[in-house]
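In: quick one: sequence and predicted model below, then my questions.
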Amino acid sequence: MYDYGEYCPISKAAQVLGERWTFQILREMHVGVTRFNEFRRYLPKLSPSLLNQRLHMLEEHGLVMKRRRPESQSFEYQLTEAGQALGPILMSLGNWAAGWIAMQFCDTDVNLDALMRDVQMSLVVDRLPVGRTVLLFQFTDLAARNKWYLVTNHGRAEICDEDRGLDVDVYVTCDCKCLAAVWHGEAPLAPALADGRIRLSGPPALLRSFSAWFGRSPFAQTREISLSSPTGRGLHAR
């Protein structure tokens with residue numbers, strides 16, 4: 001960890017948070033990731049050894065605490081009060097980047113496990129019918145794991161890639177990069193529906209309200225404004 005040799009609080013924050021993958025680990029913890037294998041699933045490009053190092057460093061600095069899970073011999077990681085206080089800072093940082101940083105959206109940026117977890121978490125379940133609703137996402141560009149079921153029931157939502165034999169209410173057919181681009185705000189939803197990049201099948205009432213219950217990234221609106229307004233993209237031109 002680099003010591004800037006300054007008392008400045010910004011330098012002290014950079015000293016703790018500036019190491020590779022630290023922000024991503026904290027981001028995952030703020031959406032509920034607590035176990036080592038979960039970090040590996042949602043951050044597949046992060047090596048296990050480096051993940052161990054970063055978690056230990058965050059523990060040393062009082063942002064994370066490690067504790068044994070009561071029902072097993074395994075461990076989990078929880079944010080401390082100091083770690084939880086970073087939530088608004090992470091949101092502000094994400095909004096700043098969405099509005100001002102040039103980003104090229106690539107196929108390799110899509111982690112399907114993380115994408116579908118994010119789709120599940122952002123779903124506006126109170127705009128879906130009371131009781132069980134089954135959504136099936138079908139990805140045309142994948143040979144394996146190309147069907148994901150999102151099941152909502154009385155305000156709760158869960159995602160899985162196994163067929164449980166449930167009757168499907170809404171079919172969503174697209175490629176995974178298109179869904180990721182729409183969710184992140186890199187591409188608007190309406191044109192993707194209009195030109196068939198995202199195809200829907202199901203009861204008309206549910207299809208008409210798709211844009212109301214299909215949630216998106218908390219940074220999507222900022223990103224769309226940035227992409228549609230050249231005068232608002234200051235750092236893009238630099």
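Out: In hand now; what should we look at?
In: tell me the SS of residue 55?
Out: Secondary structure for residue 55, judged by DSSP: H, G, I helix; E, B strand; the rest coil, is helix.
In: ok, it - contacts?
Out: Residue 55 sits next to 25, 36, 39, 64, 66, 77 when contact means C-beta atoms under 8 Å, 6 or more residues apart in numbering. Placement of C-beta: from N, CA and C, glycine included.
In: against residue 41, how distant is it?
Out: Going from residue 55 to residue 41 by C-beta to C-beta, to the nearest Å gives 15 Å.
In: likewise for residue 102?
Out: Separation of residue 102 from residue 41 (C-beta to C-beta) stands at 29 Å.
In: and those two? Which one has more around it.
Out: residue 41 (15 against 11; other C-beta atoms under 10 Å).
In: what sits closest to the more buried one if chain neighbours are left out?
Out: Nearest non-adjacent residue to residue 41, counting by C-beta to C-beta, 6 or more residues apart in numbering: residue 113, 5.3 Å away.
In: you'd agree the one you found is up against residue 40?
Out: No: counting by C-beta atoms under 8 Å, residue 113 does not reach residue 40; the two are 10.2 Å apart.
In: show me where the chain has its strands.
Out: Listed in chain order, the strands of the chain (DSSP state E) span 64-68, 75-79, 132-139, 147-153, 156-160, 170-174, 199-201.
In: contacts for the shortest one?
Out: Counting contacts by C-beta under 8 Å, 6+ apart, the residues outside strand 199-201 that touch it are 170-174, 193, 207, 210.
In: adding neighbour count, distance to residue 49 and pLDDT, write those out as JSON lines.
Out: Converted to JSON lines, these look like this (neighbours: other C-beta atoms under 10 Å; distance: C-beta to C-beta, whole Å; pLDDT from 0 to 100):
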{"residue": "170", "neighbour count": "20", "distance to residue 49": "42", "pLDDT": "97"}
{"residue": "171", "neighbour count": "16", "distance to residue 49": "42", "pLDDT": "97"}
{"residue": "172", "neighbour count": "21", "distance to residue 49": "38", "pLDDT": "97"}
{"residue": "173", "neighbour count": "15", "distance to residue 49": "40", "pLDDT": "98"}
{"residue": "174", "neighbour count": "22", "distance to residue 49": "36", "pLDDT": "97"}
{"residue": "193", "neighbour count": "17", "distance to residue 49": "44", "pLDDT": "96"}
{"residue": "207", "neighbour count": "15", "distance to residue 49": "47", "pLDDT": "95"}
{"residue": "210", "neighbour count": "17", "distance to residue 49": "43", "pLDDT": "96"}
